[in-house]
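*Asks:* kindly generate the corresponding structure for this input.
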Amino acid sequence: MPETRLLIEIGCEELPARHVRQLAEGLGAEVHGRLAEAQLLEGGLAAEVHWTPRRLVVVQEGVRLQQAEREEEVLGPPARICFGPDGAPTAQAAGFAAKNGATAAELYRVTNAKGEYVALKRKVGGGEAAALLGAIIPAAFGALELPRSMRWDGASRFLRPVRWALAMLGERAIRFRLGELESGAESRGHRTLGAARFAVASAAEFPAKWLANGVMPDPEARRQAIQASLQLPPGTRQRHDAGLEDTLVGLTEHPDSIAGSFDASYLTALPEEVLVTVMRDHQKYFAVEDAHGRLAPYFVAVTNQQGDPKGLIRHGNERVLRARFADARFFFDTDRKLTLAERLPLLEQVTFQAKLGSYREKSKRIRALAVWLAQLWGADPAAAGEAAELAKCDLTTEMVKEFTELQGIMGGHYARLEGKPAEIAEAIADQYAWEAPPRSTAGAAVSVADKLDTIAGMFSIGEMPTGSADPFALRRQANGVVRIVIERKLKLSLSAAWRQTAFAPAAELGGFFKERMSFYLREAAGFAPNFVNAVLAAGADDALDAFERCAALAAAPDLGAVGAVIKRARNIVRKENWAETGFDASELAAPAERALQQAVAALPEGAGYGAELAAIAALAGPMETFFNEVRVNDPDPKVRGARLSLLAATVQRLSRIADFAEL
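*Replies:* Predicted structure coming up:
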């Protein structure tokens with residue numbers, strides 16, 4: 001059956017860079033799925049998607065021009081109500097036939113498990129793709145999941161107003177509507193480098209005609225264009241920043257790079273993080289570094305233009321950056337007129353959460369918790385306590401009010417400039433610890449204390465995450481706690497930690513943290529889901545211990561055989577509702593039960609989980625022999641009790657590392 005290429009383009013006002021890729025991929029998946037459901041696809045080729053801030057593009061190869069026609073059987077009402085005593089069709093039979101485009105004469109009887117029914121054959125499919133696409137495309141567009149939306153033509157909603165729509169099936173324009181907007185056979189070029197509108201005669205013209213009108217629809221081509229256009233001074237290089245590059249790819253249709261410079265005195269007048277934050281987060285500039293990785297007095301701006309022959313764009317960006325750096329220097333000098341300790345009273349005016357008080361109150365709580373954690377982990381409690389108390393003081397500084405991305409980081413710099421010990425300054429700077437764990441154990445104590453206080457406080461007032469909603473980022477906070485204790489190898493009983501917070505532990509906290517541990521162990525550590533489930537089923541109070549058990553399980557010999565017999569033992573114990581694990585060894589007379597009892601008693605403890613798992617794997621034989629040779633439900637109550645207790649004790653002992661039945 002003939003097939004061809006389908007091209008769809010939805011043109012909008014500039015879409016947010018962080019959402020445009022997701023929208024394009026969602027549209028491609030929706031279109032592909034609906035085409036497949038309508039039996040309009042030949043082969044299994046996925047839809048190809050492209051995007052710019054002004055357009056979502058889907059290209060689907062192998063689209064049939066017409067559906068394949070097929071015959072299907074349609075089951076109708078029971079035969080007893082469809083035919084009269086004389087065998088003539090009743091009104092019910094005629095109605096069923098008419099509903100399906102047939103006559104009563106075409107009905108026949110079929111018998112199934114429920115009885116005798118009437119049925120008919122009807123032809124389905126055979127529809128033209130052009131006609132079907134008029135409904136498929138709007139349905140696919142309307143099914144997109146939107147992070148937020150706005151009304152753009154009275155009733156229709158999308159992230160931004162839709163300005164044009166195009167669909168070509170080979171050389172045929174497909175007509176469809178998005179709200180009040182009707183599709184056409186034209187697209188729009190780059191705002192300054194291409195035609196305002198250009199006609200499209202065929203899907204085969206994509207992407208050449210777009211490129212001729214200043215639009216690079218392929219995001220990877222734009223990424224390469226950004227890199228290829230760099231012209232930096234000798235001995236310097238663009239500092240790698242994948243996140244910023246992704247943003248700029250999503251902000252441009254025809255990118256070009258321009259190198260600019262700034263006064264080198266700023267390199268010593270302001271911390272590097274301030275300079276990079278201003279360039280990256282506020283101006284979308286790449287930082288530039290020398291061959292040793294030190295920040296250089298240059299930047300790279302990516303434009304949505306082609307070239308800058310007169311240098312006007314470069315001069316404009318330099319002027320803007322100069323003003324931003326001057327503001328930052330003023331904030332930096334102003335902030336240093338007060339020490340962090342002198343700012344503590346100002347925290348009383350900064351609300352943490354309406355029901356949980358000010359940041360001054362939070363500082364007191366996390367100080368107490370950080371001191372406890374530092375003592376637990378062998379760090380300096382005085383350093384951890386002072387860092388915790390001063391950690392939030394930079395929220396009152398002008399620098400952090402202007403550049404909120406620098407909270408914590410600026411506190412660390414101000415502490416260092418005040419002459420605080422490096423351990424305290426680093427602990428303040430590392431308190432949020434999103435990208436990497438804190439550098440010191442005292443810093444880990446401060447960071448974990450801050451996060452545990454936030455989580456426990458929010459849970460205590462009923463502000464826990466629900467579904468996808470997590471307005472206080474509590475999952476991220478919990479992920480941070482799990483990551484810090486595991487990657488810094490710090491033992492921490494979460495149940496004990498909750499008791500050290502200022503809030504009554506909520507019942508939901510255990511399950512919440514177990515879920516976060518599972519996420520880390522699967523996604524970050526890469527352990528198999530069944531290993532993670534087995535380990536957490538045996539205990540989820542200490543994240544580092546859970547990690548170590550997972551690592552030992554992953555390196556252990558095959559535990560399938562012992563897992564099967566442990567599961568059998570557990571099922572027997574549960575069926576008998578037996579909880580007693582103590583028994584009289586003198587009641588164990590059979591060789592097989594004595595052998596099992598001795599093998600379990602000989603399991604190593606304190607030699608590491610790896611050695612213990614190797615010994616557990618060897619228990620498959622004694623346990624299998626026990627089940628083959630020993631009758632658990634012995635007529636003698638004492639013998640029966642001893643054997644059930646032996647099994648209960650065995651299951652309990654072998655479940656210390658993992659619930660092997662989960663494997």
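
*Asks:* show me where pLDDT drops low in the protein?
*Replies:* The model of the chain has pLDDT under 70 over residues 1-2, 124-126.

*Asks:* quick one, domains of it?
*Replies:* According to automatic domain parsing, the chain comprises the domains 3-67+128-212, 70-123, 219-335, 341-547, 556-662.

*Asks:* packed most tightly, which of those would that be?
*Replies:* Among these, ranked by average contacts under mean count of other Cβ atoms under 10 Å, first place goes to domain 341-547 (a mean of 20). In this view, the C-beta of every residue, glycine as well, is placed from N, C-alpha and C.

*Asks:* report the secondary structure state of the residue of the chain most remote from its centre.
*Replies:* Farthest-out residue of the chain from its mean C-alpha position, per Cα atoms, centre = their mean: residue 86, at 67.7 Å. Following DSSP: H, G, I helix; E, B strand; the rest coil, residue 86 is assigned to coil.

*Asks:* give me phi/psi at it?
*Replies:* phi -90, psi 0 (degrees, to the nearest 10).

*Asks:* any idea what the closest residue to residue 107 other than its chain neighbours is bridged to?
*Replies:* The shortest distance from residue 107 to any non-neighbouring residue, by Cβ to Cβ, 6 or more residues apart in numbering, is to residue 118 (4.7 Å). Counting by DSSP bridges, residue 118 is bridged to residue 109.

*Asks:* touching, residue 118 and residue 108? I think so.
*Replies:* Yes: when contacts are counted by Cβ atoms under 8 Å, residue 118 is listed as touching residue 108 (7.0 Å).

*Asks:* biggest helix in this protein, by residue count?
*Replies:* Scanning the chain for the longest helix, with DSSP state H as the assignment, gives helix 312-335.

*Asks:* how about residues contacting stretch 214-231?
*Replies:* 21, 50-52, 55, 57, 189-190, 192-194, 206-207, 210, 238, 245, 248-250, 252-257, 259, 300, 302, 306 (Cβ atoms under 8 Å, 6 or more residues apart in numbering).

*Asks:* and residue 322, how far is that from residue 399?
*Replies:* Counting by Cβ to Cβ, to the nearest Å, the gap from residue 322 to residue 399 is 18 Å.

*Asks:* follow-up on the earlier one: now intersect the contacts of stretch 214-231 with the helices, please.
*Replies:* Per DSSP H, helices hold the following members of the contacts of stretch 214-231: 21, 210, 245, 248-250.

*Asks:* same list (those) but as a markdown table, adding distance to residue 316.
*Replies:* Formatted as a markdown table, the ones in helices among the contacts of stretch 214-231 follow (distance: Cβ to Cβ, whole Å):
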| residue | distance to residue 316 |
| --- | --- |
| 21 | 29 |
| 210 | 28 |
| 245 | 22 |
| 248 | 17 |
| 249 | 22 |
| 250 | 22 |
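
*Asks:* for those residues, which one is nearest residue 459?
*Replies:* The shortest gap between residue 459 and any of the ones in helices among the contacts of stretch 214-231 belongs to residue 21, at 34.7 Å (Cβ to Cβ).

*Asks:* surely the closest one touches residue 250?
*Replies:* Yes: using Cβ under 8 Å, residue 21 is in contact with residue 250, at 6.6 Å.

*Asks:* can you check which residues contact both of those two?
*Replies:* Counting by Cβ under 8 Å, 6+ apart, the common neighbours of residue 21 and residue 250 are 51, 219.

*Asks:* against which helices or strands is whatever helix or strand comes next after the longest helix of the chain packed?
*Replies:* The helix or strand immediately downstream of helix 312-335 is strand 351-353, counting by DSSP states H and E. Counting contacts by 3 or more Cβ pairs under 8 Å, 6 or more residues apart in numbering; DSSP states H and E, strand 351-353 packs against strand 357-358, helix 359-377.
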